[in-house]
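A.B. asks: model this:
(2 chains)
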Amino acid sequence: MSTADTTPTPTPSAPVRIIASPQSWIEGEAVRQLEAVARLPGMRLAVGLPDLHPGKGAPVGAAFTSEGILYPYLVGSDIGCGMGLWDVGMLARKAKAERWASKLDVEGAWNGDVEGFLAEEGVKSTGFEASLGTVGGGNHFAELQRVEAVHDAEAFASLGLAADRLLLLVHSGSRGLGEAILRAHVDRHAAGGLAADSAEASAYLTRHDHAVAWARANRALVARRMLDGIGAPGRRVLDVCHNSVTARRDARGTRWLHRKGAAPADEGPVVIPGSRGALSYLVAPLGDGTGSAFSLAHGAGRKWTRTAARERIKERFTAESLTRTSFKSHVVCENKDLLFEEAPPAYKPIDRVVTDLVEAGLVRVVATLAPVLTYKTRSHAE
DNA sequence: ATGTTC
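C.D. replies: Model (predicted):
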């Protein structure tokens, strides 16, 4: 017997995999966003990492692979955003955190030779150079850290690191550049994708790749300004991008790997930071990456929205008290709203996120890093 | 996230 089926055919979904233990609380909205992305044309795999949380349309803490079509809106506006780690080249016990907290200033355009700096980094200028070497807003920061514990001495030493030296972790992106690139795309295509073999995809990818390189140079200049401020040399240990789309070619053809708040698992060790009042984890990826879209968590993940964090944290803490943490570290954040929005209770516990990655066989911990001074922003009232 | 935002 045949029956007329009047129900619409469900859009076939790509597999969805969420790498998180039941102890990692993940908002339902983030899961719904992940599932919605998995139903987009061409999608082949959607992976949520343990720091998965809702974003604007698409979730953050996720990686997606597609075939034949790529989606600029999944990368978002901060193309190239990522984490760079520097060996400060100074003993941690020589740190003058209180003095540095009153003095460090990386606001506004750098007064050095920006064009020369970009040339050294091998990056073309963009018209956004007044922002080059600035941290930006939101969850971006530059943080001096000490080594709390070394768990894998060999891997730690192979990065040229020493347990008694300060480190500098820089989280920033492409500032207004990436936003301009996404806006130009969204003006024409909204959330729509681009056929991978189209001229528009090539044009987007060229601009995207430039923003990724510029963002990396931005982190390098933020680091240089911080290092100049404390009078230390500094050496870049690693630098990885967690917002990007890249081509991966294998026997099946080309896959487009979108990372939205997801660190790469195929570029060596990475740092997964907690909140400014928590440890950060230096981890080494394990496994072949195929089940996790070659990606890792990129941080603790937000527990409270910015609005909720402002309200709840204002009730419990004074702004002054938030300039120090349970690690006795210093916080430079002269924007009060931002000080509340980014306070440690607004974030999930980073140890749970990293434990989930360890238990999933995706990383081993090389070292834990404790905050000494977190630089967010210095206000420049006239 | 945002040379933001009138």
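A.B. asks: quick one, longest strand in chain A?
C.D. replies: Longest strand in chain A by number of residues (criterion: DSSP state E): strand A:363-377.
A.B. asks: tell me the phi and psi of residue A:103?
C.D. replies: With angles defined as degrees, to the nearest 10, residue A:103 sits at phi -120, psi -40.
A.B. asks: if you skip the residues just before and after it, what's nearest to it?
C.D. replies: Closest residue to residue A:103 apart from its sequence neighbours, by Cβ to Cβ, 6 or more residues apart in numbering: residue A:229 at 6.7 Å. Bear in mind the C-beta positions are built from the backbone N, C-alpha and C, glycine included.
A.B. asks: same thing with residue A:376?
C.D. replies: Of all residues not flanking residue A:376 in the chain, residue A:333 sits nearest, at 3.8 Å (Cβ to Cβ, 6+ apart).
A.B. asks: in what helix or strand does residue A:248 lie?
C.D. replies: If you go by DSSP states H and E, residue A:248 is part of strand A:243-250.
A.B. asks: which helices and strands sit right next to that strand?
C.D. replies: With contacts taken as 3 or more Cβ pairs under 8 Å, 6 or more residues apart in numbering; DSSP states H and E, strand A:243-250 sits against helix A:72-75, helix A:199-230, strand A:253-260.
A.B. asks: That one near DNA strand B anywhere?
C.D. replies: No - using Cβ under 7 Å from any atom of the strand, strand A:243-250 stays clear of DNA strand B, with a minimum separation of 8.9 Å.
A.B. asks: can you give me the offset of that strand from its chain's centre?
C.D. replies: The chain centroid and the centroid of strand A:243-250 are separated by 17 Å under Cα atoms, centre = their mean, to the nearest Å.
A.B. asks: out of the helices and strands packed on strand A:243-250, which comes closest to DNA strand B?
C.D. replies: helix A:199-230 (8.9 Å; Cβ to the nearest atom of the strand).
A.B. asks: what's the closest non-adjacent residue to residue A:72?
C.D. replies: Going by Cβ to Cβ, 6+ apart, residue A:72 has residue A:185 as its nearest residue, at 4.5 Å.
A.B. asks: Which parts of the stretch 51-200 of chain A are strands?
C.D. replies: A:60-66, A:69-70, A:82-91, A:141-150, A:165-172, A:194-195 (DSSP state E, counting those that start in this stretch).
A.B. asks: out of the ones you listed, deepest packed?
C.D. replies: Comparing the strands of the stretch 51-200 of chain A by mean neighbour count (mean count of other Cβ atoms under 10 Å), strand A:60-66 comes out on top with a mean of 27.
A.B. asks: what about stretch A:19-37 and DNA strand B, any contact?
C.D. replies: No - Stretch A:19-37 stays clear of DNA strand B (Cβ under 7 Å from any atom of the strand), getting no nearer than 14.0 Å.
A.B. asks: wait, I meant stretch A:114-131
C.D. replies: Yes - using Cβ under 7 Å from any atom of the strand, stretch A:114-131 reaches DNA strand B at A:127-128, A:130-131.
A.B. asks: Which residues does that stretch contact?
C.D. replies: With Cβ atoms under 8 Å, 6 or more residues apart in numbering as the test, stretch A:114-131 has contacts from A:108-110, A:132-133, A:174-177, A:180, A:210, A:213-214, A:216-218, A:220-221, A:224.
A.B. asks: Who does the residue most central in space within chain A form a beta bridge with?
C.D. replies: What sits nearest the mean C-alpha location of chain A, by Cα atoms, centre = their mean, is residue A:82, with 4.3 Å. Under DSSP bridges, the beta-bridge partners of residue A:82 are residue A:172, residue A:241.
A.B. asks: With the one 5 residues further on instead?
C.D. replies: Note on residue A:87: beta-bridge partners residue A:167, residue A:235, judged by DSSP bridges.
A.B. asks: got it, and residue A:17?
C.D. replies: Going by DSSP bridges, residue A:17 forms beta bridges with residue A:47.
A.B. asks: Need the pLDDT of residue A:187.
C.D. replies: Looking at residue A:187, its pLDDT is 88.
A.B. asks: OK, contacts around it?
C.D. replies: Counted by Cβ under 8 Å, 6+ apart, residue A:187 has zero contacts.
A.B. asks: neighbours of residue A:26, just the number please.
C.D. replies: 22 (other Cβ atoms under 10 Å).
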